[in-house]
Structures are given as C-alpha cells and as structure tokens.
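[1] Can you look at this prediction? I've put the sequence above it.
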Amino acid sequence: MPTQFEALIVDPEPESRMRLRQATSVCGEFTSVNLESSLLNALEKMKERMSCNIVFISQTFAADESREFVKLARETSTGQYAAYIMVLNGNQQSRTGVASNVSGGVDGFLFQPFSVEALRETAAIAAEVRAKATALRRATSRKLLSNSIVPQVEKIFGQELIGKPIPQQKYELKKVLSSLRETFDDEQEFLKTLVELFIAVPAPKAPSEDDLSPIARRRRARLEQSRKREEEEAAQQAAATADPDNNKEKRSGFFIRRR
C-alpha cells in the first residue's frame with residue numbers, strides 16, 4: 001500500500017489554496033500537489049487522467065455543486081479510487097455539525113488551521129479508500145473472469161470431442177486463467193476456485209456423425225471396435241465362469257483320450 005500520495009486542491013480563494021499547499025509541502029506523505037480554482041476545471045483535468053489520490057474540496061463551494069462534483073469525479077478513471085476531503089474552517093463549523101454532510105460523498109474532513117497530524121490523517125483515509133477500492137476491483141475482476149471461464153472450457157471440450165480443436169480459444173483461456181490467478185493472494189484458494197469452475201462445466205453432448213471431422217470419425221470407429229471386442233471377451237469370460245463343471249468334464253475327457 002503506498003505511503004505517498006498526489007493531491008488536488010480545489011479552492012476558489014488563492015490565499016487558502018496556498019495555505020493548504022504550503023501545509024502539504026512539509027508533510028512527507030504528499031509527493032505532488034495540483035491547484036484548481038473551480039470544480040469544473042478540476043473535473044476536466046481528472047477526465048484527462050491527471051494523477052491524484054486525494055482531492056481537497058473547499059467548503060466555499062455550494063453543497064449541491066460539491067456533491068455533483070464528487071459524483072462525476074468518481075466516474076473518471078483517476079477519480080474512482082481517490083479520497084475526497086472537505087476542507088472546513090474550524091472556527092465557523094464544528095466537527096459534529098459537518099458529520100451529516102458525509103452523505104455528500106466525501107470520505108473525510110480537514111479543518112483549518114492545518115496541521116501535519118491532520119494532513120497525515122487524510123493520507124491514512126486515502127490509504128484506506130485505496131485498499132477498499134483495490135479489494136473491490138479485484139473481487140469484481142475475479143467474478144467477471146470466473147464467469148467467462150465456464151463457457152470457454154465448454155466450447156473447447158465440445159470442439160475437441162468432434163476432432164476440431166481451436167488453438168486460439170485455448171490461448172485465450174490461458175490468458176484468462178493467468179489474469180484470474182493475479183486476483184488471488186493464496187495459491188490454494190485459486191486452485192479451489194479452479195476446481196469449482198471446472199466442475200461447473202456441463203458435460204458435452206454426444207456429437208452426431210455429421211459433426212465429426214474425418215479424424216474423429218476414424219477415432220470413433222476404432223473405439224467402437226475396441227468396445228465391441230471387450231464386450232465379446234467379457235461375455236465369453238462370463239459364460240466360462242457360469243459353467244465350470246462343463247469345462248472340467250471336457251478337460252477330463254481329454255486326459256482320458258490321451259491314455
């Protein structure tokens with residue numbers, strides 16, 4: 001989990017923007033800080049994939065504007081895993097008074113005057129948000145990959161059964177399995193999941209003669225001949241086992257004739 005973050009400060013007031021910028025400069029958790037004066041400009045920059053892990057939003061923006069910004073920012077590729085921190089003037093608003101604003105989508109609050117300890121708390125919030133987002137992303141990826149494996153294996157089995165293998169499909173399945181492996185930290189859990197997935201693959205239906213390739217037809221014919229011979233041998237063995245006295249008399253008669 002990273003211990004350093006890239007921040008974006010969105011504040012229409014130059015002085016308060018710079019105060020927060022200066023405060024982050026003495027906090028080792030922040031490697032870079034970008035400044036924007038409007039929510040619209042900040043959103044455009046995030047849509048352009050500007051890197052940021054923490055977004056500081058000034059309380060001077062209207063509440064509905066801030067909520068809309070957070071909603072849209074979370075839909076961007078860079079903002080979906082970022083932490084959104086509301087910057088508040090501690091002299092004007094109490095901590096209990098802003099608790100009800102969490103529903104606006106923010107992950108935490110930063111009160112003025114700024115302190116290194118408070119900024120490190122926001123970094124901890126960002127780390128927690130990222131950890132949860134990573135876990136969710138891996139779980140979602142695992143589900144999507146798992147859902148794609150069963151139909152792929154079923155198709156491969158079906159093609160192999162009729163003697164028409166599909167190498168490209170096997171290659172694609174190998175890539176999916178490799179990606180699925182990356183979503184697991186535990187090898188045993190991965191193997192357990194694979195077993196469950198392969199068990200879920202339905203048994204392929206017996207193909208018709210028209211579906212078979214020439215090689216598969218010859219293979220089926222050989223198997224049928226082999227099975228027929230096995231059935232005949234089994235029938236003969238069963239008959240011999242069922243009438244042991246008859247066999248004994250024949251053997252006895254043979255020895256009598258030899259004398």
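    Cool, got the structure.
[2] Could I get the full set of helices for the stretch 51-200 of the chain?
    63-73, 95-98, 116-161, 167-181, 187-199 (DSSP state H, counting those that start in this stretch).
[3] Out of those, which gets the lowest mean score?
    For those, mean pLDDT drops lowest on helix 95-98, to a mean of 48.
[4] Nearest to residue 232, out of the helices of the stretch 51-200 of the chain?
    Set against residue 232 and scored by Cβ to Cβ, the helices of the stretch 51-200 of the chain come closest in helix 116-161, at 26.4 Å. C-beta: built from backbone N, CA, C; applies to glycine.
[5] got the angle between that closest one and helix 167-181?
    With axes from the mean of the first three to the mean of the last three Cα atoms, to 10 degrees defining the directions, helix 116-161 sits at 150 degrees from helix 167-181.
[6] helices or strands up against helix 116-161?
    Judged by 3 or more Cβ pairs under 8 Å, 6 or more residues apart in numbering; DSSP states H and E, the packing partners of helix 116-161 are helix 14-25, strand 54-58, strand 83-89, strand 108-112, helix 167-181, helix 187-199.
[7] at 10 Å what do you get?
    strand 5-10, helix 14-25, strand 30-36, strand 54-58, strand 83-89, strand 108-112, helix 167-181, helix 187-199 (3 or more Cβ pairs under 10 Å, 6 or more residues apart in numbering; DSSP states H and E).
[8] that older thread, of all the helices of the stretch 51-200 of the chain, which one comes closest to residue 227?
    Among the helices of the stretch 51-200 of the chain, the nearest to residue 227 by Cβ to Cβ is helix 116-161 (16.6 Å).
[9] From the chain's centroid, how far away is that closest one?
    Distance, stretch centre to chain centre, for helix 116-161: 3 Å (Cα atoms, centre = their mean, to the nearest Å).
[10] between it and strand 30-36, how many degrees?
    Computed with the same axes, to 10 degrees, the direction of helix 116-161 lies at 100 degrees from that of strand 30-36.
[11] Compute the inter-axis angle for helix 116-161 and strand 83-89.
    Between the axis of helix 116-161 and that of strand 83-89 there is an angle of 160 degrees, by the same axes, to 10 degrees.
[12] Which pLDDT value does the model give residue 208?
    57.
[13] In this structure residue 23 contacts residue 114, no?
    Yes. Judged on Cβ atoms under 10 Å, residue 23 makes contact with residue 114 at a distance of 3.9 Å.
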